[in-house]
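> give me a model of this one.
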Amino acid sequence: MRDNQAGFSLVELVVGIALMVLIMSGVAGMLTNLLGHGVRGIDLIDRQQEARWAVNMIAEDIRYATAFKTLSNTEVELVKTDSTGTSVTINYKLVENGSNYVLTRINTSGTTSVASPLGNADRGYVGSGDFAINATTSGTTVNQVNIVYKIRRNSTDTTPAVAQTTIYPINGLTAP
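Numbers count the residues shown, from 1 in each chain. The predicted model follows:
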């Protein structure tokens, strides 16, 4: 090569390209990792909102109920009066759906019963111990009700979305 000519030799060019490939592969790996964390974070937020929505629905039903009965650790029965003065029975319980459980609200008015799953059964795994409702009573009066609801990505998920609350009934809620 002559002294007055500018440019890179073939060896310099190959070394430069090799360094660029190494740097870009590291950057691509970091971006892939960051995107994966972002997707998992969004999924956790969605499941958290779904769990909070379900707990709020249960809490509102309990606040305005007149009778409360715990049928098991994962099933509760409430009695409310609707806007027409009709007595309505509402059950919240885990219903088995394959290997998952789905939190279900069963609304019974007279002889008509309607079951509605809460949330999207395909979006999150709810295990048999992931819904608990417990009441503190004084005689037949319910003083407070504690609700815990967890939604997992799958059966091995160790970081479920958790929603929990304590309700202090306002209508003189009784437990038989």
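
> so where's the protein shaky on pLDDT?
For the chain, the stretches with pLDDT under 70 are 1-5, 119-124, 128, 171.

> beyond the one helix or strand residue 38 maps to, next helix or strand please.
Using DSSP states H and E, residue 38 sits within helix 10-63. Using DSSP H and E, the helix or strand that directly follows helix 10-63 along the chain is strand 67-72.

> just want the angle from that following strand to helix 10-63.
Computed by axes from the mean of the first three to the mean of the last three CA atoms, to 10 degrees, the angle separating strand 67-72 from helix 10-63 equals 130 degrees.

> buried ones in strand 67-72, by neighbour count?
67-70 (16 or more other CB atoms under 10 Å). No exception for glycine: its C-beta is placed from N, CA and C like everyone else's.

> as TSV, those residues with distance to residue 141 would be great.
TSV is the format used below for these (distance: CB to CB, whole Å):
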residue	distance to residue 141
67	11
68	10
69	14
70	14
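
> before we move on, the earlier item: elements contacting the helix holding residue 38?
Other elements packing on helix 10-63 under the criterion 3 or more CB pairs under 8 Å, 6 or more residues apart in numbering; DSSP states H and E are strand 75-81, strand 87-97, strand 141-151, strand 161-167.

> which of the ones you listed sits closest to residue 13?
Go through those one by one with CB to CB and the one that ends up closest to residue 13 is strand 161-167, at 52.5 Å.

> what pairs with that closest one, parallel or antiparallel?
Strand 161-167 sits in its sheet next to strand 141-151 (antiparallel), going by DSSP bridges.

> and for the partner strand, what's in contact with it?
Strand 141-151 has contacts (CB atoms under 8 Å, 6 or more residues apart in numbering) with 47, 50-51, 54-55, 58-59, 62, 68, 103, 119, 123-127, 130-137, 160-169, 172-175.

> quick one, which of those residues are buried?
Among the contacts of strand 141-151, those classed as buried by 16+ other CB under 10 Å are 47, 50-51, 54-55, 58-59, 62, 68, 103, 119, 124-127, 130-131, 133, 135, 160-163, 167, 169, 173-175.

> count the residues that sit near residue 90.
18 (other CB atoms under 10 Å).

> list the residues that contact the closest residue to it other than its chain neighbours.
Closest residue to residue 90 apart from its sequence neighbours, by CB to CB, 6 or more residues apart in numbering: residue 78 at 4.6 Å. Shown in contact with residue 78 (CB under 8 Å, 6+ apart): 61-62, 65, 67-69, 89-92.
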